[in-house]
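J.: For reference, the sequence and a predicted model appear below.
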Amino acid sequence: MTARDNRTRRRDEPASFFTLIERFLLVVCLCILAIRATYLESPHGGMISASGWFTGEAGSMILTGVIMLVVAGWFVLSLFRRRLSYRFSGIELAAVLFAIAGLLAALAASNKRAAITDTLTLLAPMLMAVVLIQLLTNPRRIMLVLLVVVALGIVTTYQCADQLFTSNEEMIADYQQNPQPHLSTIGIEPGSFEQMQYEHRLYGKDIRGFLTTSNSTGSFLLICSFVSVGLFLDQFRRRNDKTSAAAIAALGIAAAVTITGLVIAHSRGALAAAALCALIFVVSSTLGPKLWKYRRMLLLVLLAGILVVSAAVICYGNSHERLPGGTSMFVRWQYWKGAFDVYLYKPFTGVGGGNFAEYYPHYTISAAPETPTDPHNFLLSLLAQYGPLGLLAFVGAFVVILWRSVFSQPHLVDTQSAAPLFRRYLGAVLAISLAMLLARPVLQPIERTNDFVKVICAAVILYIIPAVLFAVTLWILCKCLKDIPSENLPAGRATRISLFCGIAAVAVHNLIDFAILEPAVLTLFWTTVACLSALDHLHKNGKVIEFLPSRAARTILLPVAVAVFLVVFAVGMYPVISSGVTIQRAVGAPSIAPALLVAAAEADPLDPEPLSLAGKLYIRSYLDSGKASPRLLHTAAERFQQAILRDKANFRNYEKLAEVYQMLAESSSVASGAEFRSSALDALAAAVERYPGSDRINFKLARLADAMGKTETAVHHYRRTIKIEDAYRTQFVAMYPNRSIFSRLGEDNYRLAKDRLRELSTVNLNSP
């Protein structure tokens, strides 16, 4: 019986129960990838939509929870197989080490909720990659995943083009008409330096696709572009070997579209990484066999080159206090220096995932125009937040796959006997498209309005067109490739090299950015790593371990697996989701919002955010009441104090607490007022201790000390205020030589600080 007869016979056999479950788990993974790729996800807060069902953190944790459920489901499924062939990749050990690093970092973190959330957000896609390697057992399954990646690249390109030609102009017009809703939605204070930067990006027409920045979209499209190019080249090379012209044309158009999207996004870092890895792709494709015998020498040269470049960058930064390049590179060095100081604060455990923004202000340089939430270097970000163990585990997990892809000798494997994933691809296409269509309105709802036509138009543009475009694109690609023999899918050398180069390009790009840590890019990144590893197992001597789960093993491991998942869900997921739903209810019910925020804080005993939001709400209620209810301020102070107990490193709650005390001082008797002012002074001193480079907080502290007659303290902080503002102005001129200076402190406050410093210094000189 021939191989073709074998394949025909297997198509007629019903799939086993385990095979059906595997297909289901694979499709669920692809659904999560598609949803994340088209959803502006925020694991650590940011935007809260008034029409949403839950907060951004809760939505992100739901997606992470689904991934964890897939991992747990696959593990339980494996226990009940008679024989399990496990494809060892090396990611398993790295994932365990990263989980340990995340746990240690969370114990050391100031904001433990942010640390747990960040650890799970980074760990889940890594574990998904382990499961995908076990599921991608034949070429057609791998091809389905790669075609989903290509289709998502085309949908992202559509979104970029729409922003370039239409939606950015509409957003600018809407912002100019009423800027306040825009700023409040993204948490930017009017008149701040952050507003100036937002306007700079807005009027610069930043092309960010579905993600947060053009750099994130650039990283996403890097992988999509390399995958589409690799698939096209492999099919083109086999154009005389049962490969249809339709498949070549479809993949060629897909490659052109995704590359166009990468260019439209105009991320200079992504384009530079693309150029470098394109060169590697060309050299590997043309000279790979000839260079094979020199691979060890080439590796040593590569490592030496990395060390030399790193040393040169460090030397340049130390001597010039900046990195070579444009305006964005001006501040990168400051971010990196601050990040290394954060690492030195807790060199063994790191400060905790999601806690970089809490600790970076402690070490920020006074001249720096902004306080970033990430150092714009994924290696430093991981080092500062997870310590050396977390960094080595995360990087080692994908480096080991790249290493095996390059340095293990290919071995021919019979792929003709591989059974197809589906008799037809229609089921997978519909499932993933419906997941996009149904999940995105829940995760990212349209703002409420009485204009029905506007709602329908928004739904069509935001939800229906991307889902339909994805479905049509994926169906066309699958249809064109459906009849190609399994041995031609996607075993080609160009596909494997393109996967390698896509992974490497994202890593290189994120040496100056943080896009790889954004959930959409991270999930795509690990999916690509899994595909590369699965291909290597098909075409090389991959390490396969045979398991024969006994009844005793199932009896022990099944309860352990369930218990681990329940603990992770109870500690890491449920509190965030429950609190997020309650916070969202508070947004839509102002009259009972304080009580709901307290309930949210009780639902998640680790999260300081509901308490901080409650404190701000009480301040607003006090002001709205005409300052007639001081008890509201007492409650606000209580909430900020409780938030501080949950996150002692964050300067913001100390600053807000000082604001409350000053309001209480204004509404109290002379004796009580003095006591409240003293408490406000202590709170501002604590805020300055956590953010010494803030001219704003130093100015507030100087003004309060001045009013209380503490001349020495006032002089000290007036002097620091002026020094910080002057340093900032000097850097602003260097960064924006053709723009008038935007005072971060405010011109009136700057002049007042100078005048009072001069007056108080004169008084001190004349005093006996």
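T.: On my side now, so go ahead.

J.: in the host helix or strand of Leu752, what counts as buried?
T.: If you go by DSSP states H and E, Leu752 is part of helix 747-766. By neighbour count on 16 or more other Cβ atoms under 10 Å, the buried set for helix 747-766 is 749-750, 752-753, 756-757, 760. The C-beta positions use only the backbone N, C-alpha and C, and glycine is treated the same way.

J.: For Ala467, which three-state class applies?
T.: helix (DSSP: H, G, I helix; E, B strand; the rest coil).

J.: With Thr473 as the reference, measure out to the closest residue in space to it that isn't next to it in sequence.
T.: Using Cβ to Cβ, 6 or more residues apart in numbering and skipping the chain neighbours, the partner closest in space to Ala467 is Leu437 (4.1 Å). Note on Leu437: its distance to Thr473, by Cβ to Cβ, to the nearest Å, is 15 Å.

J.: Show me which of these two is the more surrounded one.
T.: In this view Leu437 and Thr473 are compared by other Cβ atoms under 10 Å, and Thr473 has more residues nearby, 24 against 16.

J.: In contact with that one: list those residues for me.
T.: 150-151, 154-155, 254 (Cβ atoms under 8 Å, 6 or more residues apart in numbering).

J.: where exactly do the strands run in the protein?
T.: 84-87, 544-547 (DSSP state E).

J.: Can you add mean pLDDT and distance to Lys293 and give those strands back as TSV?
T.: Formatted as TSV, those follow (pLDDT from 0 to 100; distance: least, Cβ to Cβ, whole Å):
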stretch	mean pLDDT	distance to Lys293
strand 84-87	82	28
strand 544-547	76	28
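
J.: Quick check: which of those strands is buried the most?
T.: strand 84-87 (a mean of 15; mean count of other Cβ atoms under 10 Å).

J.: What pairs with that strand, parallel or antiparallel?
T.: Sheet pairing here is set by DSSP bridges, and for strand 84-87 it gives strand 544-547 (antiparallel).

J.: what about Asp234, distance to Gly252?
T.: 12 Å.

J.: before we move on, what about Leu379?
T.: 36 Å.

J.: What is the burial count for Ile644?
T.: So Ile644, with other Cβ under 10 Å, has 21 neighbours.

J.: where's it relative to Lys656, distance?
T.: From Ile644 to Lys656 the distance is 10 Å (Cβ to Cβ).

J.: Quick check: Ile365 touching Lys337?
T.: Yes. Using Cβ atoms under 8 Å, Ile365 makes contact with Lys337 at a distance of 7.1 Å.

J.: Sketch out the low-pLDDT regions of the stretch 1-150 of the chain for me.
T.: Residues of the stretch 1-150 of the chain meeting the criterion pLDDT under 70: 1-15, 46-51.

J.: If we use 90, what do you get?
T.: 1-20, 22-23, 39-56, 75-90, 137-141 (pLDDT under 90).

J.: Which stretches in it count as helices?
T.: Applying DSSP state H, counting those that start in this stretch to the stretch 1-150 of the chain gives helices spanning 3-12, 17-37, 56-79, 91-108, 112-135, 139-162.

J.: Can you tell me which helices and strands the fifth one packs against?
T.: Spelled out, that is helix 112-135. Packing partners of helix 112-135 (3 or more Cβ pairs under 8 Å, 6 or more residues apart in numbering; DSSP states H and E): helix 17-37, helix 56-79, strand 84-87, helix 91-108, helix 378-407, helix 519-539, helix 574-588.

J.: what is the orientation angle of it with helix 574-588?
T.: 120 degrees (axes from the mean of the first three to the mean of the last three Cα atoms, to 10 degrees).

J.: For helix 112-135, list every residue counted as buried.
T.: 112-135.
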